[in-house]
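Colleague: I'd like to go over a predicted model; first the sequence, then the structure.
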Amino acid sequence: MFTTNGSPFTGTIRTISCRPRARLNTRRGVLSHPISRSPTTMSSTSFVRPSANMIGVPFAWQPVASTASWRLYSTQPAKMAAFEALWQTRPGAPLTLFAIPRPDRERNSFYVGLPRALSLLVFGDANATVTGLDRIAPPDRPPLLLTFFSYRLMVLLGCLFVVLAGASLTWGLWRKVPFPPCWLRLLTLAAPLGYVACEAGWVAAEVGRQPWAVYGILRTRDAISRTVPAWQVLASLIAFTLLYALLLWVFLRILLRIVRQGPEAPERAGY
Ligand code: HEM
C-alpha cells in the first residue's frame, strides 16, 4: 500500500513556481506568481528525477502492496469489505473502481470493478473467496459511506499524482523544451492535494476500523477513560490545536521564504 506523506509535487513548489526573476516578487503568493503571465525558462528536465521517483515507487511497491492487502484483510476484514463496498462474500471478488453504495439496500449502484482483482490482490489467487459485509454483523460494520469515499478519494489522488508525474516525465525526456505555463500552473494547483490525500487516508483508516478501538476486542465506546474527565480532554484538545496552529504558521513562513528564494540552477541542483 502506498501511504507516502505529502504530494510528490509539494517538494517541487519552488521549482515550478519560482524562477530567479521571482525573487523580485516577494509580496506575491505562490499562485499569483509570474508563471501565470509569462512562459517559464525553467528546464523541463529538472522534473525528470522527481517524476521518475513518483512513477517508480508505486511499481516497486507492488509486492509490498500485495502483502499489505493480505495483512489488512486478515486483521480487519470489515474495513477491507467497506473499502471495496463488497456486500456479498464471494469467490473471484472484483476490485471496486467506482460505485455508489446503498447501505439501506445492502447493494451498490453504478458499479464498476475489475473482475477477480481483489481476490488476486489479497490471496494471489483470482478465484479465492473474499469475506463481504454479509458475514459481518451490522453493529460491527464501519460507517460505510465515509469509509468508502475517503478511501476512493485517497486512491484517486494517488493515481492522479502518477498521471501528472508520468506526463511530466514523458515531456521532460522526449521534448527537451520548457513546460508550457498552463502545465506548471496545474502542477502548482496539485501541490496541496498531497495533504488532502493524507487526510483522506487517515479518515479511511480510522473510520474504517470503527466500532472498534482494538479490532474485535474493545469497542470504541468502551474505551472511554473513566479517570480522565471531559474537561481535561477538551483542554488538551485546545492546547494541541493551538500548538499545531503555531507549527503551521511557522511551516508556512519557512515554505514561503524558500519559494521566494527560488530554485537552484538545474545543473547545480544535479538534475
Ligand atoms: C494510490 C493508491 C493508494 C492505495 C491503494 C492506498 C491504500 C491505503 C490503505 C489500504 C490504507 C489503510 C491502511 C490501514 O487501515 O491499515 C491507507 C491509509 C493511508 N493512506 Fe493510502 N493509499 C493510496 C494512496 C495514498 C496517497 C497518495 C496518500 C498521501 C499522499 C496516502 C496516504 C494515506 C494515509 C495518511 C493513510 C492512513 C495511515 C494510517 O493512519 O495508518 N495514500 N492507504
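Modeller: That came in fine, so what should we check first?
Colleague: ok, which residues in the stretch 151-271 of the chain are in contact with the ligand?
Modeller: Contact residues (C-beta under 6 Å from any ligand atom) of the stretch 151-271 of the chain with the ligand: 154-155, 157-159, 161, 194, 197-198, 201-202, 204-205, 208. Bear in mind the C-beta positions are built from the backbone N, C-alpha and C, glycine included.
Colleague: same thing but 5 Å
Modeller: 154-155, 158, 194, 197-198, 201-202, 205 (C-beta under 5 Å from any ligand atom).
Colleague: Among those residues, name the buried ones.
Modeller: 154-155, 158, 194, 197-198, 201, 205 (16 or more other C-beta atoms under 10 Å).
Colleague: Which members of the residues you listed are positioned in helices?
Modeller: Using DSSP state H, the members of those that fall in helices are 154-155, 158, 194, 197-198, 201, 205.
Colleague: returning to that earlier point: and the residues of the stretch 151-271 of the chain next to the ligand, which two are the farthest apart?
Modeller: The two members of these with the most space between them (C-beta to C-beta) are G194 and A205, at 16.5 Å.
Colleague: And the residue of the stretch 51-200 of the chain closest to the ligand?
Modeller: Distance from the ligand to each residue of the stretch 51-200 of the chain (C-beta to the nearest ligand atom) is smallest for G158, at 2.3 Å.
Colleague: just checking, that residue touches G194?
Modeller: No - look at G158 against G194 with C-beta atoms under 8 Å: they stay out of range, at 9.7 Å.
Colleague: which regions of the stretch 151-271 of the chain sit below the pLDDT cut-off?
Modeller: In the predicted model of the stretch 151-271 of the chain, residues 265-271 satisfy pLDDT under 70.
Colleague: And the strands in it?
Modeller: 212-214, 218-219 (DSSP state E, counting those that start in this stretch).
Colleague: could I get those strands as TSV with mean neighbour count and distance to A137?
Modeller: Converted to TSV, the strands of the stretch 151-271 of the chain look like this (neighbours: other C-beta atoms under 10 Å; distance: least, C-beta to C-beta, whole Å):
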stretch	mean neighbour count	distance to A137
strand 212-214	14	12
strand 218-219	13	12
